[in-house]
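Chemist: fold the following.
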Amino acid sequence: MADTITIRTDAETERALDVLTHDGSSRSAAIRQAVLEAAERKERAAAMRRAVLRMPLDEPDGIDLAAEISRDRDGDR
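Modeler: Residues are numbered from 1 along each chain as shown. Okay, the predicted model is just below:
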């Protein structure tokens, strides 16, 4: 059995719901779809973060990028 959720909307949320229901979808269907898509985006972002953290780090190349930028900025003054 599905649960019922009540939300309070503001002007921005009402505008977003108008956009999401412009195709004739019900507010309930639009909200369900938005929740599912938001969860999918969060899961995908978390998976990408985990993948980046698992990437092997190469050996440093000996270039201090911060020092290079600082030297370039000092030369511009």
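
Chemist: can you give me the buried ones in the helix ranked longest in the chain?
Modeler: If you go by DSSP state H, the chain has its longest helix at helix 27-54. By neighbour count with 16 or more other C-beta atoms under 10 Å, helix 27-54 contains the buried residues 30, 31. C-beta: built from backbone N, CA, C; applies to glycine.

Chemist: poorly predicted segments of the chain, please.
Modeler: 76-77 (pLDDT under 70).

Chemist: may I have the next helix or strand after the longest helix of the chain exported as PDB, CA atoms only?
Modeler: With elements assigned by DSSP states H and E, the helix or strand that comes after helix 27-54 is helix 65-76. Listed next in PDB are the C-alpha coordinates belonging to helix 65-76 (Å, rounded to 0.1, in the frame of the first residue of the first chain):
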ATOM      1  CA  LEU A  65      51.200  24.600  -9.800                       C
ATOM      2  CA  ALA A  66      50.400  27.100  -7.000                       C
ATOM      3  CA  ALA A  67      54.000  28.500  -7.200                       C
ATOM      4  CA  GLU A  68      53.700  28.700 -11.000                       C
ATOM      5  CA  ILE A  69      50.400  30.700 -10.800                       C
ATOM      6  CA  SER A  70      51.900  32.900  -8.100                       C
ATOM      7  CA  ARG A  71      54.900  33.700 -10.300                       C
ATOM      8  CA  ASP A  72      52.600  34.500 -13.200                       C
ATOM      9  CA  ARG A  73      50.500  36.800 -11.100                       C
ATOM     10  CA  ASP A  74      53.600  38.600  -9.700                       C
ATOM     11  CA  GLY A  75      54.800  39.100 -13.300                       C
ATOM     12  CA  ASP A  76      51.400  40.700 -14.200                       C
END
